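# build me a model from this:
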Amino acid sequence: MGKRGLAAIVGVALLAAACVLMAWEPAPLRLLRNATFDQFQRLSPREPGSHPVAVVDIDDASLAAYGQCPWPRALLAELVDRIGEAEPSAIALDIVFPEPDRMGPENDAALAAALRRHPTVLAQLAARNDEPADPPGPRDRSALAFRQLGDAAAARDPRDFIQPLVGVVASQPILEAAAGGTALAAYDSDDDGIVRHVPLLFRGPDGVVRPNLALEALRVALGRPTVLVSWHAERGLVRLDMGPQGSVAVDARGRVWPHFARWDDARRQAVYVSARDVLEGKAGTERLRGRLVLIGTSAPGLGDMTASPVDAVVPGVEIHAQALEGLILDAAGGPLGDRAGPPALLARPSWARPVEAVVLAAAGLALLAAVLFAPPALGLPACLAIVGGLLGGSWYLFAAHGVLVDPSFAAVAIVLLYAVLMYVAALRRGAPGDAGSP
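Below is the predicted model of the structure:
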């Protein structure tokens, strides 16, 4: 067998094995991909051009002034009314009230009255396996409608694509009945604890599909009776439509990928308002007027902390705020936000993985041809050029269009392929009567 023949067989075999590994997608490949996308976001975090969302923060200063949580619900009712006086587009409470108020039923009645006076959304929680699930409540009627795209004869239930829950922890019925909507205050954390994507829909054990807090808050703010979910029997969920206000593309499971802004001092000053300042009348109404307001907490002692690709520690309400900003800026656009600037939601389209496989195969064959048929001095430059093209092309798609296409495994595979081809060449040169290129 000739020198080129052996190198070609080894190269094609390695390339085929790499393609199989990419299709299998074991955990190390997912970790490599996540690390690559995280690095993209760290290098170019979102720079908000506008702030359509405000967070009324039950922060450490508020807890010092009004006591530790849980606060009396009459105090929370006052907070909701004070926010409502500023005429926000909607108020979403990232708080769940599963038990009656310890100070008496009149506090529950006061909060229910405040919820009825304003456009409000009340959070629910995803139950863990060791928690009792609540039975369907009065607000568990879905504000979602489904529309099938493509072949309507395909026998498939769109709920099969939606993330399932073992149960739902809801608030007291008097409160859920008073709110304009209820929704799951939940998001996905990967195995490393970082939140990279946010499901907009959840399927309860009763089969009812419930919206995420950000989606329901936007629906209430826009005054829409329903959100239309478009789906395809083979591709899964496709997009969520909110009428003339626009639509948002989702992945097959109904998730969005926020382009995260840093949770730094500048963002906290622009987005966060202390609940103490609101209750004491020190927060100007202009900070809340027309904005979609979330009530949550950044106090570390309350335990609602997580991580994003650009911050090691962020409060859970910040995840909802950034997902909601993405929906407003990229989907709703005009009525509540300014769409100028790069996308606030990233896209991991259904074609990304097939394209990554094709690019890997094409890049590997190109390198193999360069090593086998070009002068030996061009092998390393060809390898570096291919790797640079992979990284540069992926970066361009991210920075210019907000599209996530993974270059990492293909780049690693190309470098390993080149190293193996050079090793084979060295072995052949060491054999009696052999010298030169592969």
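
# burial check on residue 276, number of neighbours?
20 (other CB atoms under 10 Å). Heads up, the C-betas are built off the backbone N, CA and C, glycines and all.

# residue 279 too?
18.

# list the contacts for it?
62, 66, 75, 78, 79, 82 (CB atoms under 8 Å, 6 or more residues apart in numbering).

# and those residues, which is closest to residue 231?
Comparing the contacts of residue 279 against residue 231 with CB to CB places residue 79 closest, at 38.6 Å.

# may I see the buried residues of the helix or strand containing the closest one?
In the assignment (DSSP states H and E), residue 79 maps to helix 73-85. Judged by neighbour count using 16 or more other CB atoms under 10 Å, the buried positions of helix 73-85 are 73, 74, 75, 76, 77, 78, 79, 80, 82, 83, 84.

# same question, stretch 28-44
Buried residues in stretch 28-44 (16+ other CB under 10 Å): 29, 33, 34, 36, 37, 38, 40, 41.

# do the same with stretch 309-326
Result for stretch 309-326 [16+ other CB under 10 Å]: buried residues 309-311, 314-326.

# in strands, which of those residues fall?
Using DSSP state E, the members of those that fall in strands are 311, 314, 315.

# just give the closest residue to the last one, not the sequence neighbours.
For residue 315, ignoring the flanking residues on the chain, the nearest one in space by CB to CB, 6 or more residues apart in numbering is residue 298 at 4.2 Å.

# and the strands in the stretch 301-438 of the chain?
Along the stretch 301-438 of the chain, the segments classed as strands by DSSP state E, counting those that start in this stretch run 305-308, 311-315, 345-346.

# residue 192: which of those is closest?
strand 305-308 (8.2 Å).

# next one: the closest one to chain centre, how far?
Averaging C-alpha positions (CA atoms, centre = their mean, to the nearest Å) puts strand 305-308 12 Å from its chain's average.

# what residues does that strand touch?
With CB under 8 Å, 6+ apart as the test, strand 305-308 has contacts from 187, 189, 193-196, 260, 263, 313-316, 318-319, 322.

# pLDDT of stretch 201-219, averaged?
Averaging pLDDT along stretch 201-219 yields 93.

# run a quick neighbour tally on residue 416.
Neighbours of residue 416 using other CB under 10 Å come to 12.

# please tell me how far it sits from residue 34.
Separation of residue 416 from residue 34 (CB to CB, to the nearest Å) stands at 20 Å.

# where does the stretch 51-200 of the chain have low pLDDT?
129-142, 152-154 (pLDDT under 70).

# please enumerate the helices of it.
Counting by DSSP state H, counting those that start in this stretch, one finds helices in the stretch 51-200 of the chain at the ranges 60-66, 73-85, 105-117, 173-178.

# before we move on, back to that, quick one: which of the contacts of strand 305-308 is nearest to residue 208?
Taking CB to CB as the measure, residue 208 lies nearest residue 187 of the contacts of strand 305-308, at 19.4 Å.

# what does stretch 35-47 contact?
Contact with stretch 35-47 is made by 194, 196, 258-262, 309-310, 341-342, 344, 394-395, 398-399, 404, 406-408, as judged by CB under 8 Å, 6+ apart.

# give me the buried entries from those residues.
Here, 16+ other CB under 10 Å leaves 194, 196, 258-262, 309-310, 342, 344, 394-395, 398, 404, 406-408 buried among those.

# what residues go with each domain of the protein?
3-43+350-430, 53-341 (automatic domain parsing).

# give me the distance between the longest one and the centre of its chain.
So that's domain 53-341. Using CA atoms, centre = their mean, the offset of domain 53-341 from its chain centre is 14 Å.

# begin at 14 from now on, thanks
Taking 14 as the first residue, the last one we looked at is domain 66-354.

# that older thread, and the gap between the residue nearest to residue 328 and residue 333?
12 Å.

# need the residues touching each of the two.
With the criterion set as CB under 8 Å, 6+ apart, the contacts of residue 311 and residue 333 do not overlap.

# and what about residue 275, helix, strand or coil?
Under DSSP: H, G, I helix; E, B strand; the rest coil, the three-state class of residue 275 is coil.

# contact partners for it?
So residue 275 contacts 58, 323, 324 (CB under 8 Å, 6+ apart).

# let's go with 6 Å and repeat that
By CB atoms under 6 Å, 6 or more residues apart in numbering, the contact list for residue 275 reads 58, 323.

# check residue 415 too.
Each residue near residue 415 by CB under 6 Å, 6+ apart is listed here: 356, 359, 360.

# can you get me a residue count around the closest residue to it other than its chain neighbours?
With sequence-adjacent residues excluded and distances taken as CB to CB, 6+ apart, residue 415 is closest to residue 356, at 3.4 Å. Residues contacting residue 356 under the criterion other CB under 10 Å number 18.

# kindly calculate the angle that the helix holding residue 92 makes with helix 118-130.
Counting by axes from the mean of the first three to the mean of the last three CA atoms, to 10 degrees, helix 86-98 points 20 degrees away from the direction of helix 118-130.

# which SS class is the residue nearest to residue 328?
coil.

# how far away is residue 191 from residue 408?
Residue 191 is 49 Å from residue 408, by CB to CB.

# wait, I meant residue 186
As judged by CB to CB, residue 186 and residue 408 stand 51 Å apart.

# now the helices: where do they sit in the stretch 314-451 of the chain?
329-340, 365-386, 392-414, 421-443.

# of those helices, flag the one that's most buried.
Comparing those by mean neighbour count (mean count of other CB atoms under 10 Å), helix 329-340 ranks first with a mean of 27.

# by how many degrees do it and strand 324-328 diverge?
If you take the same axes, to 10 degrees, helix 329-340 sits at 100 degrees to strand 324-328.

# show me what helix 329-340 is packed against.
With contacts taken as 3 or more CB pairs under 6 Å, 6 or more residues apart in numbering; DSSP states H and E, helix 329-340 sits against strand 66-70, helix 226-235, strand 268-271, strand 305-309.
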